[in-house]
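Participant: Dropping a prediction and its sequence here:
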Amino acid sequence: METNYYSTMSSVWAEEEAEEEDKKYLSSITSKEQIDVNKKGRYCLARWDDWGFFIDIWEPFVWNFKCHTKIMLPYSHHCHDWIREVLKCVFSPSTHVYFPYDDKYLCNVSLFFREKPYCLICGPPFYKKWVKVKLYDNRLIDAVTFCSGEKICTLFQEGKLGIIQMIPEITKTTCLSPVTTFRAPIDATAMHRRIHLVSWQDQLLLVQQKVGSPSIFEVWEVDFETNQFNRLLKLDGFIIFLSGQFSAATSSSLPQEKNQIYFTQGSDYDTLYTFHIGEQSLSTTKQFCVYSPPNSVPLFARSRRAKIQHNTSTNTKSDKLKKRPSRINSKRAPVDRNICIHLSQDLQREISRYLISQEAYMNFRLVCKLWRSVAPPLRWKVVVDDHAAPSYHQDSMWLLSLNQVDGLCTFYNPFRNFNGYMSNNDLVGCEIRYAKDGWLLVSKGKSLFLLEPSGKQIIHLPQNTDDYFCDIMSFSASPTNSSAWVIFGIALLNLFQVRISYLRQGDDKWTTITRDSEVPFILSSSSPVYFGEEFCVIGQYGGDVGVFGFFKDGTPYWVIHQLSELYSPPISAACRLFLVQQDQNVLHSVVVTPQHDVHVYELDFGGNVIVRLVKEVKNWLFFTSEASSIAVCGMNVNVDNAVFFPTFNTCNDYTYYSMEDVAFKVLKDNCTDKTQQKELLNRVWIRCELTKN
């Protein structure tokens with residue numbers, strides 16, 4: 001008995017001794033000091049909450065920005081290589097151990113490397129060594145902590161997820177859980193501009209930005225109970241920040257920040273872009289600013305100027321509408337003495353938007369003249385090119401947008417500045433990929449179909465094999481205008497390879513081929529244009545044009561016209577590019593610079609390739625968007641020689657670019673601040689006339 005007692009006591013004393021040694025070790029590597037985070041040779045690879053992970057020459061350490069507490073991490077022979085080899089550094093809180101100074105929690109540090117099938121983790125209680133954890137494979141895309149730091153989720157190139165289970169004493173045992181059985185909705189072979197895992201409270205989100213759609217983000221929520229990803233069209237109470245490999249989510253209750261993703265492009269931290277998920281719009285913002293200290297991760301901060309503007313502004317949207325009379329018709333529409341006088345015009349428009357049934361909508365229009373003006377007729381008929389009628393009325397050009405939730409189509413007329421609405425249950429959950437001659441090319445998951453909305457004609461197309469088999473798509477002609485139409489889609493595999501899918505009239509399945517590009521080629525967001533029996537695709541960098549067509553024997557070909565050195569001024573990578581066919585023999589490229597300057601070039605692919613800067617296109621109007629671009633001649637409006645985009649200014653007035661005045665304008669008035677514009681995405685221009693039901 002005595003022996004057992006002494007044995008037990010010896011074990012207890014040994015544990016206490018070891019604990020004392022550990023405490024001494026922790027004390028020896030811990031200090032209170034003020035450091036210069038911008039010191040030359042000192043790199044900050046990650047920041048989370050109050051903690052930052054630094055490498056100073058060959059010494060790794062974590063430092064608390066608030067408490068100024070520095071903890072030296074174990075030395076590694078490869079420390080000097082981590083600066084260029086680390087793909088992602090992930091912080092996670094240690095909820096079981098609290099820091100002895102100022103009662104602050106400790107943190108775990110996880111390093112994920114490029115093309116290495118493992119990660120290194122170091123953490124409390126004593127930060128004695130780096131633990132190597134084997135990963136699923138070496139093609140890691142991103143990693144993020146979630147579940148209050150208890151887990152780290154990893155995302156690999158094939159779309160598979162892995163879970164690293166964190167435990168209080170990270171030095172004892174940490175392992176990668178079995179890979180989940182479901183995959184992320186990403187194209188495993190095609191290029192993406194961004195793929196991020198983002199953690200918000202108990203939610204794990206996938207945010208991706210595809211090549212070919214540089215301004216459009218998709219947000220998916222991971223549901224581990226059902227083993228699937230659910231598409232989010234609304235962010236509840238939080239906003240997302242993205243810059244390079246850095247991603248973060250934070251709470252926000254401000255109305256002007258609702259449903260926003262804030263991001264930078266490339267290494268440009270001076271311009272912060274805003275993508276609005278609900279309305280699918282792109283703009284620049286001054287609400288936040290990006291601080292990027294030397295050798296450090298980017299930091300987002302609320303702009304002081306934006307704060308002042310927010311706190312001092314008391315004008316509501318309805319107040320602004322009252323102060324700013326319509327520029328088209330300054331006379332107020334007569335209102336009957338009924339409920340109309342008690343409702344603002346904005347509220348009346350909102351009411352009309354949700355009257356889905358035809359009967360309810362028509363009853364709404366019968367209430368008074370004002371309600372008829374805010375609720376135009378629902379149906380349209382397609383305007384077909386006719387040499388006998390060379391001019392088009394101002395009511396024939398519309399910007400069409402689609403609400404994926406309820407299938408509600410919104411038609412915006414820039415010349416009359418009002419909206420019309422039409423519901424179509426066939427479009428619920430769909431995305432409009434292209435529009436031409438009154439027909440829409442629509443995708444819904446793996447299904448694609450052609451739709452003529454006025455008569456609700458549908459041509460179902462063979463199902464493709466992947467959710468993301470094409471980044472941008474178009475078709476040669478509508479089924480009613482041609483008996484040999486072709487649908488074309490393209491995705492970028494790498495800088496020198498594209499994946500092309502096409503379907504010819506009568507085919508029972510898609511043909512998919514891979515083609516090499518002789519020069520580096522990056523897809524822009526502009527839809528392909530069918531020009532001279534070929535599909536033309538403009539490249540994002542330099543304005544090169546890829547051409548896809550068929551030889552006489554039916555063999556497909558893909559060539560690239562190298563135009564980058566022919567543009568003057570040269571095209572930067574940050575420009576937005578569109579192709580517009582003026583008539584059967586003339587093709588134009590429209591270039592929009594980050595400074596919102598617009599240049600129009602005429603392209604000639606004859607014997608000698610020519611790129612000519614165009615100063616005017618008399619009697620023509622160019623209507624340009626990501627999903628469709630149209631050139632129209634002889635419209636019966638008071639504007640010509642202009643380029644129309646789906647753009648609005650900060651007051652929600654429609655803006656267009658006048659080639660004559662070399663400036664963006666709001667109807668007849670110059671924009672006061674042309675840099676603060678909002679561009680609506682996923683919109684198509686259509687030529688049609690609204691008719692009564």
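Facilitator: It's in. Predicted model only: the values in this text are computed from it and were never measured.
Participant: distance of the spatially closest residue to residue 512 that is not a sequence neighbour from residue 191?
Facilitator: Once flanking residues are discounted, residue 512 sits nearest to residue 501: 4.6 Å by CB to CB, 6 or more residues apart in numbering. Heads up, the C-betas are built off the backbone N, CA and C, glycines and all. Distance of residue 501 to residue 191, given as CB to CB, to the nearest Å: 16 Å.
Participant: Show me how far stretch 581-598 is from its chain's centre.
Facilitator: 23 Å (CA atoms, centre = their mean, to the nearest Å).
Participant: pLDDT (mean, whole number) over it?
Facilitator: Average pLDDT, stretch 581-598: 89.
Participant: mind listing the helices for the stretch 201-350 of the chain?
Facilitator: Under the criterion DSSP state H, counting those that start in this stretch, the stretch 201-350 of the chain carries helices at the ranges 304-312, 317-323, 345-353.
Participant: again with the chain
Facilitator: Here the chain has its helices, by DSSP state H, at 2-29, 79-85, 304-312, 317-323, 345-353, 358-365, 369-374.
Participant: From residue 189, how far out is the closest residue to residue 518 other than its chain neighbours?
Facilitator: Excluding the flanking residues, the one nearest residue 518 by CB to CB, 6+ apart is residue 560, at 6.3 Å. Noted for residue 560: a distance of 20 Å to residue 189, by CB to CB.
Participant: same question, residue 109
Facilitator: Counting by CB to CB - residue 109 and residue 189 are separated by 33 Å.
Participant: So which of the two has more stuff around it?
Facilitator: Taking neighbours as other CB atoms under 10 Å, residue 109 and residue 189 compare with residue 109 leading, 25 against 17.
Participant: Touching, that one and residue 52? I think so.
Facilitator: No - assessed by CB atoms under 8 Å, residue 109 is found out of contact with residue 52, at 10.2 Å.
Participant: Can you report how many residues lie near residue 35?
Facilitator: 15.
Participant: my bad, should have said residue 253
Facilitator: Neighbour number of residue 253 under other CB under 10 Å is 8.
Participant: Identify the residues contacting residue 631.
Facilitator: Shown in contact with residue 631 (CB atoms under 8 Å, 6 or more residues apart in numbering): 580, 581, 582, 583, 588, 617, 620, 621, 622, 623.
Participant: Report the contact partners of residue 600.
Facilitator: Contacts for residue 600 were tallied using CB under 8 Å, 6+ apart; they are 588, 589, 590, 591, 613, 614, 617, 622, 643, 659.
Participant: hey, what's in contact with both of residue 109 and residue 52?
Facilitator: Joint contacts of residue 109 and residue 52 (CB under 8 Å, 6+ apart) are 46, 62.
Participant: For residue 427, give me the pLDDT.
Facilitator: 85.
Participant: shouldn't it be in contact with residue 456?
Facilitator: No - using CB under 8 Å, residue 427 is not in contact with residue 456; the gap is 10.2 Å.
Participant: Identify the contacts common to these two.
Facilitator: If you check residue 427 and residue 456 against CB under 8 Å, 6+ apart, no residue is contacted by both.
Participant: Looking at the two, which is more packed in?
Facilitator: Comparing residue 427 with residue 456 by other CB under 10 Å, the one with more neighbours is residue 427, at 22 against 10.
Participant: can you pull the contacts of the more buried one?
Facilitator: Counted by CB under 8 Å, 6+ apart, residue 427 has contacts 402, 404, 407, 409, 442, 451.
Participant: Kindly recompute the last result at 10 Å.
Facilitator: Applying CB atoms under 10 Å, 6 or more residues apart in numbering to residue 427 gives the contacts 402, 403, 404, 406, 407, 408, 409, 440, 442, 444, 451, 453.
Participant: By neighbour count, which of these wins?
Facilitator: Neighbour counts for the contacts of residue 427 (other CB under 10 Å) peak at residue 440, which has 25 neighbours.
Participant: Leaving out the residues flanking it, which one is nearest to that residue?
Facilitator: Per CB to CB, 6+ apart, closest to residue 440 is residue 451, 4.7 Å.
Participant: I'd guessed that neighbour sits against residue 424; true?
Facilitator: Yes - counting by CB atoms under 10 Å, residue 424 is a contact partner of residue 451 at 8.1 Å.
Participant: where does the protein dip in pLDDT?
Facilitator: Counting by pLDDT under 70, the low-confidence segments of the chain come to 1-16, 18, 95-105, 167-179, 213-215, 304-395, 454-455, 465-467, 668-675, 689-693.
Participant: How many residues are close by the residue nearest to residue 444 when sequence neighbours are not counted?
Facilitator: Nearest non-adjacent residue to residue 444, counting by CB to CB, 6+ apart: residue 430, 4.6 Å away. For residue 430, the count of nearby residues is 20 (other CB under 10 Å).
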